[in-house]
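S.K.: The following block contains a protein sequence and its predicted model.
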Amino acid sequence: MNLLHRPRRLRTTPLMRELVAETDIAARHLITPHFVVEGRGHVDEISSMPGVTHVSVDKLVDEVAADIDLGLRTHLLFGIPEHKDDHGTAAVAKDGLVPQALQALRDRFGRDVVLVTDVCLCAYTSHGHCGFLEDGVVVNDASADQLARMALAHAKAGADIVSPSDMMDGRVGAIRDLLDDEGFVNTSILAYSAKFASAYYGPFRDACDSAPRGDRKTYQMDSRNGREALLEALLDMEEGADMVMVKPALAYLDIVRRVREQALCPVVCYNVSGEYSMVKAAVKAGFADERAVVMENLLGMRRAGADLIITYHGRDALRGGWIR
Ligand code: PBG
Ligand code: ZN
């Protein structure tokens, strides 16, 4: 057969395939989450997320040191406080868990790390919602004010990037305003812009003990909506977001692509706990080759348009030499 076009010509050898590969992934694209708990000496594996730990501040420094050795430079901190109340008071404390962690990491690593903090109330409230609950309703504006105070506490303690994950309207603007008023003009905001009400957060909610009374459908997005995700991203950019996020990743790669096409800023996706734990479970059951499946997932996110990926697979990927 005389065939002018034979796409297989470019797939003949590993080096030929390497030559024409369109998508890359490197350590610099990955952001590594940490679940910080109170006390000392804790490094406890989270049962729903094999390989991920609850870690106290003293041990967090060691965990991050090991990650830095692997090439992971960007770290996302979640606080899991012992004290929970209606308004998530512990979230805004100057000497709270996350501020302590930030200070310890900055003292030890200086500018060799980028420190990102999750800004949300759900791990801090007794009812588990991401904002204030009044008469059974998660109220918007008072919640946004509290989130801004939380972001300020993180900025003061040295966060490079604050990352609101609550989905209240106007919270990016409220955070930008307060940070600027207080002189933190260079603290960046990574907005969880299109965060869907998803069943893939299950293992995380176990980890953070943050399952809400009821559900989050009055603030997180309906998974049927793509256009609305663009609205959310555009509003966050107008309010001053420096980067926008789509979350979860795998069932929402169309959204990643669409946001990528509209946004001029970096786009991040969150490869969430349920996505991670499903892979781990499949591997454990002998149904999947971990390296192959993880790389296919992460490359799919990059190909869809994610500049950066928040993932729990980073350590395995670097340790295994799957990524450099
Ligand atoms: C809380 C928050 C959640 C995640 C990140 N921040 C869960 C939720 O909204 O219930 C999910 C992360 C994951 O599943 O890995 N606002
Ligand atoms: Zn929340």
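M.R.: Received, thanks. Numbers count the residues shown, from 1 in each chain. Ligands and ions are numbered 1, 2, ... in the order given.
S.K.: May I have the residues that are in contact with the closest residue to residue 30 other than its chain neighbours?
M.R.: Once flanking residues are discounted, residue 30 sits nearest to residue 314: 4.3 Å by Cβ to Cβ, 6 or more residues apart in numbering. To be clear about C-beta, it is placed using only N, CA and C from the backbone, and glycine gets the same treatment. Contact analysis of residue 314 by Cβ atoms under 8 Å, 6 or more residues apart in numbering lists 27, 30-32, 67, 70, 72.
S.K.: does ligand 1 sit close to the helix or strand of the chain with the lowest mean pLDDT?
M.R.: Ranked by mean pLDDT, DSSP states H and E, the weakest helix or strand in the chain is helix 202-208, scoring a mean of 88. Yes - using Cβ under 6 Å from any ligand atom, helix 202-208 reaches ligand 1 at 204-205.
S.K.: Contacts for that helix, please.
M.R.: Residues outside helix 202-208 that contact it (Cβ under 8 Å, 6+ apart) are 35, 46-49, 52, 54, 78, 80, 122-123, 210-211, 272-274, 276-277.
S.K.: Am I right that residue 53 is in contact with residue 44?
M.R.: Yes - between residue 53 and residue 44 there is a contact at 6.0 Å, judged by Cβ atoms under 8 Å.
S.K.: Of the two, which one has the most company?
M.R.: residue 53 (19 against 13; other Cβ atoms under 10 Å).
S.K.: Distance check, that one against ligand 2.
M.R.: Distance of residue 53 to ligand 2, computed by Cβ to the ion, to the nearest Å: 20 Å.
S.K.: In the sheet, which residues pair with that residue? Tell me.
M.R.: residue 45 (DSSP bridges).
S.K.: contacting residues around it?
M.R.: Contacts of residue 53 by Cβ under 8 Å, 6+ apart are 34-35, 43-46, 63.
S.K.: Quick one, which of these are buried?
M.R.: Using 16 or more other Cβ atoms under 10 Å as the burial test, the contacts of residue 53 include 34-35, 46, 63 as buried.
S.K.: Which of those residues fall in helices?
M.R.: Among these, the residues falling in helices (DSSP state H) are residue 63.
S.K.: so which of the buried ones among the contacts of residue 53 comes closest to residue 186?
M.R.: Nearest to residue 186 among these, counting by Cβ to Cβ, is residue 34 at 23.2 Å.
S.K.: And the helices in the stretch 1-150 of the chain, which stretches?
M.R.: Using DSSP state H, counting those that start in this stretch, the helices of the stretch 1-150 of the chain run over 14-20, 57-70, 97-109, 141-156.
S.K.: now do the stretch 201-324 of the chain
M.R.: Using DSSP H, counting those that start in this stretch, the helices of the stretch 201-324 of the chain run over 202-208, 227-238, 253-262, 273-284, 290-304, 314-319.
S.K.: Residue numbers of this protein in contact with ligand 2?
M.R.: 120, 122, 130 (Cβ under 5 Å from the ion).
S.K.: Next up, the contacts around the closest residue to the last one other than its chain neighbours.
M.R.: Spatially, and ignoring its direct neighbours in sequence, residue 130 is nearest to residue 166 (3.9 Å; Cβ to Cβ, 6+ apart). Taking Cβ under 8 Å, 6+ apart as the definition of contact, the neighbours of residue 166 are 119-122, 130-131, 143, 147, 192, 219.
S.K.: Then residue 65?
M.R.: Applying Cβ under 8 Å, 6+ apart to residue 65 gives the contacts 108-109.
S.K.: Could you measure from it over to residue 108?
M.R.: As for residue 65, its distance to residue 108 is 7 Å (criterion: Cβ to Cβ, to the nearest Å).
S.K.: what sits against the residue in the stretch 201-324 of the chain positioned nearest to ligand 2?
M.R.: For the stretch 201-324 of the chain, the residue closest to ligand 2 is residue 210, as judged by Cβ to the ion, at 6.6 Å. Residues near residue 210 by Cβ under 8 Å, 6+ apart: 122-123, 128, 204.
S.K.: What of residue 3?
M.R.: Residues counted as contacts of residue 3 (Cβ under 8 Å, 6+ apart): none.
S.K.: From residue 275, how far off is residue 249?
M.R.: Taken as Cβ to Cβ, the span from residue 249 to residue 275 is 6 Å.
S.K.: what do the two both touch?
M.R.: With Cβ under 8 Å, 6+ apart, residue 249 and residue 275 have common neighbours residue 297.
S.K.: wait, residue 117 sits on residue 76?
M.R.: Yes - at 7.3 Å, residue 117 and residue 76 qualify as touching, with contact defined as Cβ under 8 Å.
S.K.: related to what we said a few turns ago, of the contacts of helix 202-208, buried ones?
M.R.: Buried among those by 16+ other Cβ under 10 Å: 35, 46, 48-49, 52, 54, 78, 80, 122-123, 210, 272-274, 276-277.
S.K.: Pick the one among those residues closest to residue 284.
M.R.: Among the buried ones among the contacts of helix 202-208, residue 277 lies closest to residue 284 (Cβ to Cβ), at 10.2 Å.
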